[in-house]
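1. Sharing a model that was predicted from the sequence below.
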Amino acid sequence: MLEIKNLHAEVDGNEILRGIDLTVRPGEVHAIMGPNGSGKSTLSYVLAGKEEYEVTEGSVFYNGVDWAELGAHERAAAGMFLAFQYPIEIPGVATMTFLKTALNAQRKARGEDEISTPDFMKLVREKSRELKVTPDMLKRPLNVGFSGGEKKRAEILQMSLLEPTLCVLDETDSGLDIDALRVVSDGVNQLRSPERSMIVITHYQRLLDHIIPDVVHVLSKGKIVKTGGKELALDLEKNGYADYVDEEAA
Amino acid sequence: MNAPAKIQETKAEQSLNAQFDEVFAQTTQEYANQRKQAWDAFKAKGIPHRRVEEWHYTDLRTKMNDAFALASTTAPKADALKGAGDMKTCRIAIVNGRYAPELSSDQDVAGLSVAQTSGFLSAQASADDAMAHLNQALVQGGISIKIAEGAKIELPIEIVRYTDGSEVSSYAGTCVEIGAGAKALIIESFEGEADAAYQSNALTEVKVGDRADVHWLKLQVESTKALHIETLSIDLGAETNFRHFIYNEGASLSRTQLFLEFKGEGTHAGLRGMSLLKDSQHADITLFVKHAVPGCESREYYRSVVDDKARAVFQGKIIVEQAAQKTDGQMMIKTLLLSDAAEINAKPELEIFADDVLCAHGSTTGDIDEDLLFYLMARGIPEAQARKILVLAFLSEAIEEFKEEQCVELLETMIRSWLHADDMVNE
């Protein structure tokens, strides 16, 4: 279970998160929506442990572990996965090597044995087929020359290989056409399970037609200003964020 | 001395004076003139220092505290020579500047002939550089390697240059002639006893005939206390494909100075390399590429990874003469600095006298990209390992050019070993 209490965070001395309270139980999918600049991506980076994001107040606990004690790689081994809004291209790093290194690093951190190469190959083949990640993509350096849609599919492939229990999807729908959106959403939905918590960050409601959330939060100026069911997303689609932004400004 | 007044001689220069006198006294009539001319040319310049423009970033006068005694003829054990490792090659061994046939396996290779020489090369090979002149003034021997016209040498030709002993210096003069239409892969290593302080000064003259296809890999893996200087003088014929790659890892101070001239049209020269430096190593790669004829292409791509207080120097001058229309010259220098005290001096220069050319140069320097690092760490890879992956990736890009799988493997193994990342495999 993820428990965020009164979380304040800043980057370069600018406070971006101003007191977030959020609890996500196993099996739940929470959507976080909000206008540009509301702090959505910052929240995802703070949860994943990016260094330049400094927590100044409040706490994050996951399954009883104080997140402040763990570096980014330790959080990953403890079940955290961030699907990046802009997956990074790393020339010179073969995709397969990267996937295997990441998987084995996490297994090692958990005291498990490394996966054998044949088992790993089999696993990647299965998972990549479902996500329409072609063998050619796997042969290329990590994310290099991938289209926007290919990058997002590759992110979900990583998620499905690493089997995290806490998934944060940062604007996974951005840059996707309708077909790619469906492939990615199907991939995410297959990973829904009673043991897994998900936070889906998005600006638009359309992703939530495919990934149906249990709870929807509206983030504005670094705070959650409204929480509701999936119908809240539809309201937002109709009325925009103006209500919430104005409320804050008043 | 009748020489005009100049700055006081250093201890190294005084040692060199005594060494020259001794060597000259033993020189036969045949070579006395050549030796004396080289010595006079060296004396006119002295050991290069920072006020000599070409040596500005490598102040040898300050860094070279002494000139070690000339190495004698010795015979190291065969297993001391590393060369290209387990690769199957035909090996030419040069110990302390002299050909060592008993450590070589160059006989009975069709199209290849190797012979011991006096080490004296053409006057032009010295390119009027002080250290090249010094090589010819003190040269102890050398070899001539000839690849016959049209010969396609299947096995890589491995030249192992080994300095045996500590506090010694070696001067070798090597001449490599590659006949028209010949094809060869040359892997040359410069090495010596681990942790031994020695000085190796090599002069290498390379003549490549028309339509030849040559790939030359230089592995500079001298002892980390060594001083390494190599002057390469390369002439390329028409329609040849010449590629040279430097792997720079050894020596406390090294300089590879490469003088290349296009003598025939339609030729491609690819000059590439990488320097992997740490502690207080200093590595200098200096190029003079002269396009004297039309329609040639040159590529100069070098990467450095510099850690601790080490310093990389790159100077690349491309000269395009008026006659050299349709020249295509591209130079790119990329450097990764791993510590705050690490340094790179990059000085690309273009001198263009022709009006219809395509020339460009660029240089980038930076430390490890924090966003890339975070991406890897967010996937569970610990920071130290993630950093190694990124350094390896930076260097791997530079060796993608190799079509020879065995060279890629050799270089990757050496890089991983340097990074202490032997378990990392890029599949």
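-> Received, thanks.
2. rest of the way, CA atoms for contacts and neighbours
-> Fine.
3. Once you drop chain neighbours, what's closest to B:Phe374?
-> A:Lys50 (6.5 Å; CA to CA, 6 or more residues apart in numbering or on different chains).
4. again with B:Glu383
-> B:Glu383's closest residue in space is B:Met377 (CA to CA, 6+ apart), at 6.3 Å.
5. three-state assignment of that neighbour?
-> helix (DSSP: H, G, I helix; E, B strand; the rest coil).
6. Would you mind measuring from A:Gln190 to chain B?
-> 20 Å (CA to the nearest CA, to the nearest Å).
7. That residue - how many residues pack around it?
-> 10 (other CA atoms under 10 Å in any protein chain shown).
8. what pLDDT does it get?
-> According to the per-residue confidence, A:Gln190 scores 94 in pLDDT.
9. any idea how far B:Phe20 is from it?
-> Per CA to CA, to the nearest Å, A:Gln190 is found 80 Å from B:Phe20.
10. again, but for B:Ile344
-> Counting by CA to CA, the gap from B:Ile344 to B:Phe20 is 35 Å.
11. Can you pick out the residue with more neighbours from the two?
-> More crowded of B:Ile344 and B:Phe20, by other CA under 10 Å: B:Ile344, with 22 against 19.
12. dump the residue contacts of the nearest residue to the more buried one once chain neighbours are set aside.
-> What sits nearest to B:Ile344 in space, not counting adjacent residues and going by CA to CA, 6+ apart, is B:Ala312, at 4.7 Å. With CA atoms under 8 Å, 6 or more residues apart in numbering or on different chains as the criterion, the residues that contact B:Ala312 are B:275, B:277, B:282-284, B:304, B:306, B:343-345.
13. Starting from the least confident helix or strand in chain B by mean pLDDT, tell me which strands it pairs with and how they run.
-> The weakest-scoring helix or strand in chain B, judged by mean pLDDT, DSSP states H and E, is strand B:98-99 (a mean of 91). Sheet pairing here is set by DSSP bridges, and for strand B:98-99 it gives strand B:90-95 (antiparallel).
14. how far does the partner strand sit from the chain's center?
-> 17 Å (CA atoms, centre = their mean, to the nearest Å).
15. same question, stretch B:267-287
-> Per CA atoms, centre = their mean, the centroid offset for stretch B:267-287 relative to its chain is 8 Å.
16. how long is it end to end?
-> Length of stretch B:267-287, first residue to last, CA to CA: 18 Å.
17. What ranges does chain A have for its helices?
-> Shown for chain A, the helices assigned by DSSP state H span residues A:40-48, A:72-77, A:95-109, A:117-130, A:135-139, A:148-162, A:178-190, A:207-210, A:231-239, A:242-249.
18. from these, which stretch is densest packed?
-> Of all those, helix A:72-77 has the most neighbours on average by mean count of other CA atoms under 10 Å in any protein chain shown, namely a mean of 26.
19. Show me the shaky parts of chain A.
-> A:246-250 (pLDDT under 70).
20. do that again at 90, thanks
-> A:35-37, A:92, A:130-132, A:148-149, A:174-180, A:183, A:203-206, A:233-250 (pLDDT under 90).
21. residues from it in reach of chain B?
-> Proximity of chain A to chain B (CA under 8 Å from any CA of the partner chain) is limited to residues A:48-50, A:72-77, A:81-82, A:88, A:90-94, A:96-97, A:101-103, A:105-106.
22. Swap in 6 Å and give it another go.
-> Within chain A, the positions adjacent to chain B are A:72-73, A:76-77, A:92-93, A:97, A:102, A:105-106 by CA under 6 Å from any CA of the partner chain.
23. what number of residues lie near residue 229?
-> Because you didn't say which chain, this covers chain A. So A:Gly229, with other CA under 10 Å, has 14 neighbours.
24. ah, no, chain B please
-> 23.
25. can you confirm it is in a strand?
-> Yes - under three-state DSSP, B:Ile229 sits within a strand.
26. measure it to chain A for me?
-> Distance from B:Ile229 to chain A, by CA to the nearest CA: 31 Å.
27. If that residue is in a bridge, with which residues?
-> B:Asn201, B:Arg255.
28. Also the one 4 residues further on?
-> With DSSP bridges as the criterion, B:Ser233 is bridged to B:Glu205, B:Phe259.
29. for the residue nearest to the spatial centre of chain B, what are its contacts?
-> Geometric centre of chain B, nearest residue: B:Thr256, 4.0 Å, by CA atoms, centre = their mean. By CA atoms under 6 Å, 6 or more residues apart in numbering or on different chains, the residues touching B:Thr256 are B:229-230, B:285.
30. what's the closest residue to chain A within the stretch 201-350 of chain B in contact with, if anything?
-> Nearest residue of the stretch 201-350 of chain B to chain A, counting by CA to the nearest CA: B:Arg303, 13.5 Å away. Residues in contact with B:Arg303 (CA under 6 Å, 6+ apart) are B:274, B:333-335.
31. In stretch B:57-73, which residues are buried?
-> Residues of stretch B:57-73 classed as buried: B:57-58, B:60-61, B:64, B:66-72 (neighbour count, 16 or more other CA atoms under 10 Å in any protein chain shown).
32. model confidence over that stretch, on average?
-> On average, stretch B:57-73 scores 93.
33. centre of the chain versus it, how much separation?
-> Remark: stretch B:57-73 is offset 17 Å from the chain centroid, using CA atoms, centre = their mean.
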